[in-house]
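Peer 1: Generate a structure from the sequence data that follows.
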Amino acid sequence: MTTFEEFEQSLRHVLVHFRDPTYDPPDFLWSILGHQPQHGIEAVQHAITQAIASLKPAIASTSAGLRSQRFYELLTYRYIQDLTQEETAERLGISPRHVRREQQQAIHALATRFWEKRPGKTSLTAEVEPDQGPEQEATAWRTQVREELAALQQNAPGSVVEVATALQGVMKIEEGLALQHGVSLRLESIEPGLTVSMHASALRQVLITAIEKLEQSIFAGHITFAVKRSGDRVQIRMTGTPAATNHPPNSELIQEILAVHGGAIEAYFEEDRVGFQIELPSVDKMTVLVIDDNADLVHFYRRYTTGTRYQIEHLAEGQNALDVIKDTRPNIIILDVMLPDIDGWELLTNLREQPATNMIPIIVCSVIRRAELALSLGASLYLAKPVRRREFVQALDQVLNPALATD
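Peer 2: Residues are numbered from 1 along each chain as shown. The predicted structure is shown next:
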């Protein structure tokens, strides 16, 4: 009898030969895919194409939906569009190493879909996984949560979110459900412009979960929200009144998400109130001055930094760089060395000699591959064009924090 592992390995082999009209799959694979050898290899290709298309979720807003969407896009690029791993990585804005890792998971998901629909099937879970006790299930769940969060960070490195925007959006989403429980949502106070280093989707899940936990812990009443800065942290205080319990609420999901992002949560019970106080590291907006005459490239840089703390300013020529730097006061400078009005190496030297600019991190980004020269003249980092999104954002992070490890 064919096992799932044997089928999955065979499917991987078929995908390697997906464009080969002479490839002959093993007999058991034909039957699992719902075809016979006389149907021809085109039938196998069609079945796989349809299965890949079926991975695309109708709505990709949940964690499971986002994961399925990633698998759909990756398999489409790799096997339907026949792109290389490097080309796929560029399309997805991730590293080739991450593509290889996600490709293994995507093929496993594709194999599972076929296996669960095969004639006379038995449950895949029952066949390949032993019964799990509560402790094993909890461990598996935590592992899954961490994988989802890691995937978010891999796909959108450097993401930040404005707390006010996220909170107001969540309150609108939860308003109808809260009213069904006789609960009103009230925004007590919020400091505008507070931003935290976290993917917007992750923060929304924290807030949604916290609201629903508080709804379960109070009688018909209200939940209030207050957001403020405390040093280098952003505090989100959520209070439900009147309490229907004599102990604070709890959420392992919130704890797992916040742990990944350097945050913390404290649940409390006070007289007739229950609530959460959530803390997350705050981040400030950073200005990045790009000195480059290629406006199209600067457009990509702006796209790369959308949803991050970085704000791109552009200067097409280098002659007036010092005046522009005094006006914009950038936190980072991206410098091309092939400028229309001044040699980039000369400009780099001048910037390092001026007291007003000698402490600003400068990243030389050029098709001229002279990393050693760039560093010897005082550049903080060198990037070779073309540069991908993840590499670009990681470079910005690294020059602000030289101790930051890169992948």
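
Peer 1: what's the weakest-modelled helix or strand in the protein?
Peer 2: Every helix and strand in the chain was compared by mean pLDDT, DSSP states H and E; the lowest is helix 124-128, with a mean of 40.

Peer 1: Just the C-alphas of stretch 178-197, formatted as CSV.
Peer 2: Only the C-alpha atoms of stretch 178-197 are listed here, as CSV (Å, rounded to 0.1, in the frame of the first residue of the first chain):
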residue,chain,number,x,y,z
ALA,A,178,-19.8,43.7,21.1
LEU,A,179,-23.3,45.1,20.9
GLN,A,180,-24.8,41.6,20.6
HIS,A,181,-23.2,41.0,24.0
GLY,A,182,-24.6,44.2,25.4
VAL,A,183,-21.1,45.8,25.5
SER,A,184,-20.1,49.2,24.1
LEU,A,185,-16.6,50.1,23.1
ARG,A,186,-15.2,53.5,24.1
LEU,A,187,-12.0,55.3,23.2
GLU,A,188,-11.0,57.1,26.4
SER,A,189,-7.7,58.7,25.2
ILE,A,190,-5.0,58.1,22.7
GLU,A,191,-1.8,59.9,21.8
PRO,A,192,-1.7,60.3,18.0
GLY,A,193,1.3,59.1,16.0
LEU,A,194,2.4,56.3,18.3
THR,A,195,4.0,53.6,16.2
VAL,A,196,5.2,50.1,17.2
SER,A,197,7.5,47.7,15.5
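
Peer 1: Name the residues of that stretch that come out as buried.
Peer 2: The neighbour-count check on stretch 178-197 (16 or more other CB atoms under 10 Å) flags A178, V183, L185, I190, L194, T195, V196, S197 as buried. No exception for glycine: its C-beta is placed from N, CA and C like everyone else's.

Peer 1: Need phi/psi at the fourth one.
Peer 2: I190 adopts backbone torsions of phi -160, psi 130, taken as degrees, to the nearest 10.

Peer 1: Likewise for the second one?
Peer 2: In this entry, V183 is assigned phi and psi values of phi -120, psi 140 (degrees, to the nearest 10).

Peer 1: Tell me if I'm right that I257 and L207 touch.
Peer 2: No: at 10.5 Å, I257 does not count as touching L207 under the criterion of CB atoms under 8 Å.

Peer 1: okay, and the common contacts of those two?
Peer 2: Here I257 and L207 have no joint contacts, going by CB atoms under 8 Å, 6 or more residues apart in numbering.

Peer 1: follow-up on the earlier one: list just the nearest of the buried residues of stretch 178-197 to Q235.
Peer 2: Nearest to Q235 out of these is L194 (CB to CB; 9.3 Å).

Peer 1: Sweet, I'm off.
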